[in-house]
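Chemist: The following comprises the amino acid sequence and a computationally predicted model.
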Amino acid sequence: MNLARTRYLMVWLAAGIVFDLLLAENKSVRVQLGNPRELTGYWLLGVMIFLALFNLRKRLPMLPLGNGASWLTLHAVGGVLAAGVYLLHTENLWPSGVYERALAVLSYLTVLSGIGGYFIQRIYPRLLTETGIEVIYERIPLRISELRQKAEALVLECCDQTRFETLGRHYLDSLQWFFSRPRFTFNHIVGSQRSQQWLKQQDTAVRRYLNDDERKYLDDLSQLAQQKDRIDIHYTLQGAMKRWLLVHIPLTVALMVLSFWHLLVVNVYSL
Ligand code: HEM
């Protein structure tokens, strides 16, 4: 078993033990007619502060606070633990007050965005390598525009040379849409092959109406479309890798602010 797996296993085990102890303590406080929400509330706040400190750890990499991989393991497992402690604390999935609902939504979204981001960071680099090309994200619009120009030049040449306009009409009807900007974003996000099926359908639909000369042009056009599809994958996956933290961090900030406000309100009411 490699080091990363062992680390994850140990941290999961530790988180499971912490959660079990908390569950037992929660029951015992209830049996003694105490208020278990205080216990679980402070635990939840503690775990959340620890999770939020990840930001500080990333900003100060020079401090001897352990390596990034260990922090990420603790953070990811800690995030799932926080979701468990949250449910222990609230005792239901959907609270009744508006303020409590806002806290619930923020908690769910923060954890979900974290889980989504975790998988994005683990899976997308492999999917990008599988495309077999490397593209700088900022240059993607230029690359797409170059491919579009090549595709249109090819179609014009085909009409010019063969004196048939079937390929030209096909381009206007379907491929122009495809070449105009990044497409199939949602499908690429979930790793589906929908764009490949669509391109194949377009090729098959027109091929039978073309003569041998036109088919050579269609072959070149399909190759350009394949290149464009690979660039679309980069556009979607690199974009998601760059942007998901722009969702996770603001959610974290909003969650922390509301949580501290909640702590204040609860303490003021208990006076
Ligand atoms: C209440 C729950 C959570 C809070 C408050 C929280 C907070 C944070 C913060 C403050 C950062 C640092 C962002 C930065 O400055 O770059 C971060 C990053 C991250 N979080 Fe969370 N998080 C939570 C849950 C989760 C969960 C459940 C997961 C995954 C299972 C997760 C995965 C990640 C990942 C992968 C990163 C980026 C790591 C990197 O860039 O290397 N988070 N989170």
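Modeler: All right, it came through fine.

Chemist: Tell me where this structure has helices.
Modeler: 3-31, 36-59, 68-90, 98-130, 140-162, 166-170, 176-180, 185-189, 194-207, 212-243, 245-269 (DSSP state H).

Chemist: would you list these in a markdown table and tack on distance to the ligand, mean pLDDT and mean neighbour count?
Modeler: For the C-beta atoms, the positions are set from N, CA and C on the backbone; glycine is no exception. As requested, the helices of the chain are arranged in a markdown table below (distance: least, CB to the nearest ligand atom, whole Å; pLDDT from 0 to 100; neighbours: other CB atoms under 10 Å):
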| stretch | distance to the ligand | mean pLDDT | mean neighbour count |
| --- | --- | --- | --- |
| helix 3-31 | 11 | 95 | 13 |
| helix 36-59 | 4 | 95 | 17 |
| helix 68-90 | 2 | 96 | 18 |
| helix 98-130 | 2 | 97 | 16 |
| helix 140-162 | 22 | 98 | 16 |
| helix 166-170 | 44 | 98 | 19 |
| helix 176-180 | 33 | 98 | 16 |
| helix 185-189 | 17 | 98 | 16 |
| helix 194-207 | 27 | 98 | 15 |
| helix 212-243 | 10 | 98 | 17 |
| helix 245-269 | 4 | 96 | 14 |
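
Chemist: how does the chain divide up, domain by domain?
Modeler: 3-131+243-269, 137-241 (automatic domain parsing).

Chemist: Determine how far the last residue of the first one lies from the first.
Modeler: What that stands for is domain 3-131+243-269. 48 Å (CA to CA, to the nearest Å).

Chemist: Just to check, Gly79 is in contact with Gly116?
Modeler: No: with contacts counted by CB atoms under 8 Å, Gly79 stays clear of Gly116, the gap being 11.4 Å.

Chemist: Met62: what's it in contact with?
Modeler: For Met62, the contact set (CB atoms under 8 Å, 6 or more residues apart in numbering) is empty.

Chemist: Over to Gly168?
Modeler: 155-156, 158-159.

Chemist: repeat for Trp12
Modeler: Here Trp12 is in contact with Val77 (CB under 8 Å, 6+ apart).

Chemist: please redo it, this time with the cut-off set to 10 Å
Modeler: 73, 76-77, 80-81 (CB atoms under 10 Å, 6 or more residues apart in numbering).

Chemist: Next, work out how far apart the closest residue in space to Ile140 that isn't next to it in sequence and Ser222 are.
Modeler: Distances taken as CB to CB, 6 or more residues apart in numbering place Tyr235 nearest to Ile140, at 4.9 Å, with adjacent residues excluded. Tyr235 sits 20 Å away from Ser222, going by CB to CB, to the nearest Å.

Chemist: Check Cys158 too.
Modeler: In terms of CB to CB, Cys158 sits 13 Å off from Ser222.

Chemist: Looks like Arg207 contacts Lys216 (just checking).
Modeler: No: using CB atoms under 10 Å, Arg207 is not in contact with Lys216; the gap is 11.4 Å.

Chemist: Name the residues contacting each of the two.
Modeler: With contacts taken as CB under 10 Å, 6+ apart, Arg207 and Lys216 have no neighbour in common.
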